[in-house]
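Asks: Quick one, what's the 3D model for this:
(one chain, ligands or ions: 1)
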Amino acid sequence: MQQAGRVGSCDGNRMRPLLILDLDETLIYGSESRLHLDADFLVGPFHVYMRPHLEGFLRDTAEHYDLAIWSSASWGYVHAIADQLLPLVPKWQFVWSRSRCVSRMDPELMEVGFLKDLRKVKRLGRDLARVLIVDDSPQKVSRNYGNAIYIPRFEGDDADDALPPLARFVSSLRSEADFRSIEKRGWRNSQHLR
Ligand SMILES: [Mg+2]
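Replies: Numbering: from 1, shown residues only. All right, here's what the predicted structure looks like:
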């Protein structure tokens with residue numbers, strides 16, 4: 001529905017904005033053992049639990065955004081989960097896994113970390129001013145923090161309630177010309193509603 005009194009601030013940019021979603025600890029939790037409830041589905045040895053309110057989150061954000069998945073997990077795991085979630089979305093614009101990430105040695109942890117570099121999304125013809133990426137791991141999106149929204153880790157808590165306010169916040173940004181200029185760190189308490 002058109003909102004009264006709101007003149008779109010993205011004239012000249014007709015493409016729907018893009019919302020890129022992480023999987024593990026953001027949309028779902030994959031556990032090698034069963035938690036106190038049955039999993040929503042199984043992927044290989046993993047009991048996969050959907051974050052509470054995930055269906056409504058995907059439905060509401062898909063009204064205004066193209067949706068995509070980008071996880072640093074393996075190709076097979078990521079695609080199996082994307083397929084399970086596909087009935088909840090019109091389509092995934094892309095489903096990317098670890099092979100699309102940039103690997104980098106973390107000198108403090110002395111282990112390889114994986115970064116999601118949005119230049120790869122720009123090569124798809126996307127204007128990064130109109131791209132958001134949601135992740136529970138700030139370091140994974142450290143090259144594009146202006147596009148990032150951080151969400152608390154989900155580890156199977158069936159009382160988790162992070163997704164409804166995130167859907168409202170993301171939806172409220174949809175007409176902004178440049179998401180990178182918006183302060184996003186306080187989204188849980190944001191009044192950024194137009
Ligand atoms: Mg994650």
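
Asks: And the pLDDT for the residue nearest the centre of the chain?
Replies: Computing the C-alpha centroid of the chain and ranking residues by CA atoms, centre = their mean puts residue 21 first, at 1.9 Å. The model reports residue 21 with a pLDDT of 98.

Asks: show me the residues around it that make contact.
Replies: Contacts for residue 21 (CB atoms under 8 Å, 6 or more residues apart in numbering) come out as 27, 67-70, 133-134. Placement of C-beta: from N, CA and C, glycine included.

Asks: what's the closest of these to residue 181?
Replies: residue 133 (15.7 Å; CB to CB).

Asks: who's in contact with that closest one?
Replies: Neighbouring residues of residue 133 by CB under 8 Å, 6+ apart: 19-22, 70, 116, 118, 141, 144, 147-149.

Asks: which residue sits closest to it, ignoring its sequence neighbours?
Replies: residue 20 (4.3 Å; CB to CB, 6 or more residues apart in numbering).

Asks: Could you do residue 124 as well?
Replies: Distances taken as CB to CB, 6+ apart place residue 94 nearest to residue 124, at 7.5 Å, with adjacent residues excluded.

Asks: wait, what's in contact with that neighbour?
Replies: 68-70, 124.

Asks: List just the nearest of those residues to the ion.
Replies: residue 70 (10.0 Å; CB to the ion).

Asks: which residues of the protein score low on pLDDT?
Replies: The chain contains residues with pLDDT under 70 at 1-14, 191-194.

Asks: And the helices in it?
Replies: Applying DSSP state H to the chain gives helices spanning 54-62, 75-85, 119-122, 163-172.

Asks: that older thread, partners of the residue nearest to the centre of the chain in the sheet?
Replies: Under DSSP bridges, the beta-bridge partners of residue 21 are residue 69, residue 134.

Asks: ok, how many other residues are close to residue 128?
Replies: A count of nearby residues for residue 128, using other CB atoms under 10 Å, gives 18.

Asks: Same question for residue 157.
Replies: 15.

Asks: what's the answer for the one 10 residues further on, then?
Replies: By other CB under 10 Å, 18 other residues sit near residue 167.

Asks: Kindly report the same for residue 106.
Replies: Neighbourhood size, residue 106 [other CB under 10 Å]: 10.
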